[in-house]
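Peer 1: Requesting a structural model of the entry that follows:
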Amino acid sequence: ILYKISLVISGLIMAFYFGLQSSVVFEYVKYTEVIGILGYACFLGFVPFFLVVVLEFIKKSKEVQRKNIYLNKLNSVIISQSHNTLFYEGDISEGAKVLTKEVTESIESDRCSIWLYNKDKSSIICQQLYIKSEDKWYSNIELFRKDFTPYFDHLLIDPIIVANDAEKHSATSCFTESYLKPLGIKSMLDVPIIFRGNIIGVICIENLKIKEWKPCEVDFAQMLSSLYSFAFS
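Peer 2: Okay, here's the model as predicted:
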């Protein structure tokens, strides 16, 4: 907004200045001291707004550069993990460990876990949960549909859950008192694990600070989910 406003104002000032100077050059208006003062005032007024435009442009360019570096980093992780022999050997236990740790390190999250449905989809069972601060994995935690119905219902409608504020998101707010607050989790990103066209579970990424998940991070998680699905097959 600041960039656009400054660009418009600086453009209007320059248009007025060139119009004024053109009028003097082509003798539509006689040059007077007042016109000279107006020209100088236009210059003084133009400079700060033009500086804002330049600084915002530089800032935007740096943001684009940072985004490109981040995207290259995520792409390199996907490529390296696609060559991980654990997935081709079908070792989903060790493969899940590698994958969950890789996710937390790549997108700078705090926790990553892989959950699979039980047979009747009345619960999801944790296969591997990696906690970065402890550098440890946990497993066999079970969450039941009867306790977290909104979450399970949402997975049927849209298995991709982007909860920047997990306590306020309709799908994850049901975890607030029993899960989010005790563990200090603020943001969640869940992507589906799909096998033979069916959703068999989710990869859940969690952050201890409010995080606005980027589209590239959602895509990244989905690509790694595909690797897990391949190992599962």
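Peer 1: Okay, strands next: where are they in the chain?
Peer 2: 111-117, 123-131, 136-138, 142-144, 161-163, 187-195, 198-207 (DSSP state E).
Peer 1: Give me the longest helix you can find in the protein.
Peer 2: For the chain, the helix with the greatest residue count under DSSP state H is helix 33-82.
Peer 1: ok so, going back, how about the strands of the chain in CSV, adding mean pLDDT and mean neighbour count?
Peer 2: Backbone N, C-alpha and C define where each C-beta goes, glycine included. Converted to CSV, these look like this (pLDDT from 0 to 100; neighbours: other C-beta atoms under 10 Å):
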stretch, mean pLDDT, mean neighbour count
strand 111-117, 95, 23
strand 123-131, 95, 21
strand 136-138, 95, 13
strand 142-144, 94, 13
strand 161-163, 96, 22
strand 187-195, 94, 22
strand 198-207, 94, 21
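Peer 1: what's the closest of those strands to Val8?
Peer 2: Closest approach to Val8 among the strands of the chain is made by strand 161-163 (33.9 Å; C-beta to C-beta).
Peer 1: contacts for the closest one?
Peer 2: By C-beta atoms under 8 Å, 6 or more residues apart in numbering, the residues outside strand 161-163 that reach it are His154, Leu155, His169, Ala171, Thr172, Ser187, Met188, Leu189, Asp190, Trp213, Val218.
Peer 1: How about stretch 112-128?
Peer 2: With C-beta under 8 Å, 6+ apart as the test, stretch 112-128 has contacts from 92-93, 96-97, 99-101, 103-104, 129-130, 137-146, 152, 193, 199-206, 228.
Peer 1: picking that back up, please name whichever of the strands of the chain is nearest to Leu12.
Peer 2: Taking C-beta to C-beta, strand 161-163 is the member of the strands of the chain nearest to Leu12, at 40.3 Å.
Peer 1: Report the distance from the closest one to the chain centre.
Peer 2: Strand 161-163 sits 10 Å away from the centroid of its parent chain (C-alpha atoms, centre = their mean, to the nearest Å).
Peer 1: how about the CA coordinates for stretch 74-83, as CSV?
Peer 2: Only the C-alpha atoms of stretch 74-83 are listed here, as CSV (Å, rounded to 0.1, in the frame of the first residue of the first chain):
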residue,chain,number,x,y,z
LEU,A,74,13.0,-27.2,-0.4
ASN,A,75,13.5,-28.5,-4.0
SER,A,76,16.9,-29.9,-3.1
VAL,A,77,15.5,-31.7,-0.1
ILE,A,78,12.8,-33.3,-2.2
ILE,A,79,15.4,-34.4,-4.8
SER,A,80,17.7,-35.8,-2.1
GLN,A,81,14.9,-37.7,-0.3
SER,A,82,13.6,-39.1,-3.6
HIS,A,83,16.9,-41.0,-3.8
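Peer 1: For that stretch, give the mean pLDDT please.
Peer 2: Averaging pLDDT along stretch 74-83 yields 80.
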